Each structure stands twice: as structure tokens, then as C-alpha cells.
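K.L.:
task: produce atomic coordinates for the following.
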Amino acid sequence: MTPSVRSCYDDLQNRSFTFTPAGEYFYKKSLILTSDLEKLCRETARIAHKDEARLRIGYLKCYSGLEFQMAVAEFSEKYPDVMIDIINGNHEDLYDVLYPGRLPGSAGK
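P.N.:
Modelled structure (predicted):
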């Protein structure tokens, strides 16, 4: 879900509304298209980087210990061919990385 759509969705969560038949159709189809687009992008990246080893690490942005930095440095030195993606954020941000495309406030499904 794009940040602008997500922002609108968050604004509407505390309001009551109903879709017109056309709006409901558009909404349902847009969820499918968005999901398909995300899958397309992931699969394209996987194919393009099929021989590339990659490690994704997420940590809470409130964490300030040196152990993490030292572990990443040690891992990078031991496995220089592995690409490391480091993501920091709050619990919600990290959950969104694990489960992209889910609706805000959903239970991860």
C-alpha cells in the first residue's frame, strides 16, 4: 500500500462510511492489483539477483547497543559476498517489512 493511500486509510479508520457499488468494485480490484504488483516486483528482483546471497536484518530504532554493529561488521568480514540489508524502525515498520501489503491494523494476514 502506498504511503498516500495508507495515510488516507488511517484517516478513515475512525470514521464510518460505505462504498458505492462502483467504489466497492474498485477497492476490491485495487487490492488484488496492488498485491500482484508487489509479487511481480519481488519475483523480478529474485530472478535478477538469483546468485546473490542476501541477509535482511531488522532492529528497533530505539536500540543503541554496539553489539549489533560489531556483529554485522564481523559477519561482513567473514562473509564478504553476502549483501546485508539493515532496516530499523518501530514494531509496525518491521512487521510491514516482513508482511508487505497487509492492511494496517490487520493481524498479519
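K.L.:
in what helix or strand does residue 8 lie?
P.N.:
Under the assignment given by DSSP states H and E, the secondary-structure element containing residue 8 is helix 3-12.
K.L.:
helices or strands next to that helix in the packing?
P.N.:
With contacts defined as 3 or more Cβ pairs under 8 Å, 6 or more residues apart in numbering; DSSP states H and E, helix 3-12 has no packing partner among the helices and strands. Every C-beta, even on glycine, is put in place using the N, C-alpha and C of the backbone.
K.L.:
buried residues, that helix. List them.
P.N.:
For helix 3-12, the buried set under the neighbour-count rule, 16 or more other Cβ atoms under 10 Å, is empty.
K.L.:
gap between it and the chain center?
P.N.:
Taking Cα atoms, centre = their mean, to the nearest Å, the mean C-alpha location of helix 3-12 is offset from the chain mean by 16 Å.
K.L.:
can you name every helix or strand that the next helix or strand after that helix contacts?
P.N.:
Sequence-wise, the next helix or strand downstream of helix 3-12 (DSSP H and E) is helix 21-48. Contacting helix 21-48 under the criterion 3+ Cβ pairs under 8 Å, 6+ apart is no other helix or strand.
K.L.:
next, the angle helix 21-48 makes with the next helix or strand after helix 21-48.
P.N.:
Of the helices and strands lying after helix 21-48 in sequence (DSSP H and E), the nearest is strand 54-60. What separates the directions of strand 54-60 and helix 21-48 is an angle of 130 degrees, with axes from the mean of the first three to the mean of the last three Cα atoms, to 10 degrees.
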